[in-house]
Each structure stands twice: as structure tokens, then as C-alpha cells.
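Student: Curious how this folds, go ahead:
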Amino acid sequence: RFAAIKALKSFFVAASPCHFKGTVINYMSEQILIHMDDPNEKLQYACLDLLKAALKIDHGAVVKQVEVARVSHRSDFFCCELLQHASEVERLKDFA
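Tutor: Numbers count the residues shown, from 1 in each chain. You can find the predicted model right below:
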């Protein structure tokens, strides 16, 4: 799973966001969020980092998926961390 996360992050950073928008990012975010609820804390942080990269592709879609997942996760800590990061990204974008 760590190798897959590393590869996906490379794709998210290297490819044009238009190649991932819509159904692709929705599905990927949903699946990554499942793994972000894993008991392995290192995996949770890796998923968090990957989803932060995914925000640059389709901010709204990722935030929507996180809000849905937050209520079903064992702990909402990582979802709240991601939502806080997403909020900061949007705020900084408004100042740019």
C-alpha cells in the first residue's frame, strides 16, 4: 500500500489536473479515505499526505469525500486535519 501511495502521489504531482478531475478523483479519494481509517498510523499519515496532494487536483471533490468519510471513521482526527489543511489552502489561494 505504501508503494501505491508513493506512485499515486507522483502521478498527482506530475500529471495535469484535468486528467484526474471528476469521477477519477472521486473514486480515488474514496478509496484512499478507506485506508486512512486503517489502524496503522504510518499508513494513515501517508494517506493524509496523498490526499493533500489530491486537493490540488480537485479541491471541492476531495473535501466532499472527506466530509462524508469523517462520520464513518473510527476517529475523525485525520479527516479533520485534512479539512483544516484544505481550508488553509483555500484561504491562501484567496490572497494570491
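
Student: Could you check how far the nearest residue to A53 once chain neighbours are set aside is from F77?
Tutor: Nearest non-adjacent residue to A53, counting by C-beta to C-beta, 6 or more residues apart in numbering: F12, 4.4 Å away. Yep, even glycine has a C-beta here, placed from its N, CA and C like the rest. Going from F12 to F77 by C-beta to C-beta, to the nearest Å gives 23 Å.

Student: Between those two, which has more neighbouring residues?
Tutor: Taking other C-beta atoms under 10 Å, F12 and F77 do not tie; F12 has more neighbours (21 against 13).

Student: what mean pLDDT does the longest helix along the chain have?
Tutor: If you go by DSSP state H, the chain has its longest helix at helix 77-95. Averaged across helix 77-95, pLDDT comes to 92.

Student: and if you look at stretch 47-63?
Tutor: 95.

Student: what's next to that stretch, contact-wise?
Tutor: Here stretch 47-63 makes contact (C-beta atoms under 8 Å, 6 or more residues apart in numbering) with 5, 8-9, 12-13, 17, 20-22, 25-26, 28-29, 32-33, 35-36, 38, 66, 78, 81-83, 85-86, 89-90.
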